[in-house]
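Trainee: Sequence first, then the predicted structure, then my questions.
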Amino acid sequence: MPRYLIERDIEGAGLMTPAELRTVAQKSCSVLGELGPQVQWEHSYVTDDKIYCVYRAPSEALVREHARLGGFPASRISAVTQVIDPLTAE
């Protein structure tokens, strides 16, 4: 299944409390439950003013639908074409 990187512009994201992040995660999981197993959230990275999320989905349209239903910004969605890590150098 294709993997997507979603860039979400959220001012002050890095200042969110654990309780606020839990609320966001709960909302995301709730929407995923509505969409069914074809859309999967792998994990997210929180920075000062952005959240970068990694999702698996059959199409970008389903990732956008998740963002719409959850009320989350999806400033940019990029299809992941390759993954490299230190083992790639071997």
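Mentor: That came through fine. All values derive from a computational prediction rather than experimental measurement.
Trainee: what about the residue nearest the centre of the chain, which SS state?
Mentor: Geometric centre of the chain, nearest residue: residue 53, 2.7 Å, by Cα atoms, centre = their mean. Secondary structure assignment for residue 53 (DSSP: H, G, I helix; E, B strand; the rest coil): strand.
Trainee: Give the full set of residues in contact with it.
Mentor: Contacts here follow Cβ atoms under 8 Å, 6 or more residues apart in numbering; on that basis residue 53 touches 5, 6, 8, 41, 43, 44. No exception for glycine: its C-beta is placed from N, CA and C like everyone else's.
Trainee: all strands for the protein, in order.
Mentor: Counting by DSSP state E, one finds strands in the chain at the ranges 3-9, 40-46, 50-56, 76-79.
Trainee: tell me the most buried of those strands?
Mentor: Neighbour counts (mean count of other Cβ atoms under 10 Å) averaged over each of the strands of the chain peak at strand 50-56, with a mean of 19.
Trainee: Direction included, what does that strand pair up with?
Mentor: With DSSP bridges as the test, strand 50-56 is paired with strand 3-9 (antiparallel), strand 40-46 (antiparallel).
Trainee: avg pLDDT for that strand?
Mentor: The average of the pLDDT scores along strand 50-56 is 98.
Trainee: what's the spacing between it and its chain's center?
Mentor: Taking Cα atoms, centre = their mean, to the nearest Å, one finds strand 50-56 lying 3 Å from the centre of the chain it belongs to.
Trainee: Same question for stretch 28-48.
Mentor: That offset, for stretch 28-48, works out to 6 Å (Cα atoms, centre = their mean).
Trainee: Surely residue 16 is in contact with residue 46?
Mentor: Yes - in this structure, residue 16 is within contact of residue 46 by Cβ atoms under 8 Å, at 7.1 Å.
Trainee: Please tell me how far residue 27 sits from residue 84.
Mentor: Separation of residue 27 from residue 84 (Cβ to Cβ, to the nearest Å): 32 Å.
Trainee: more crowded one of the two?
Mentor: residue 27 (14 against 7; other Cβ atoms under 10 Å).
Trainee: Return the residues in contact with the more buried one.
Mentor: Residue 27 touches 70, 71, 72, counting by Cβ under 8 Å, 6+ apart.
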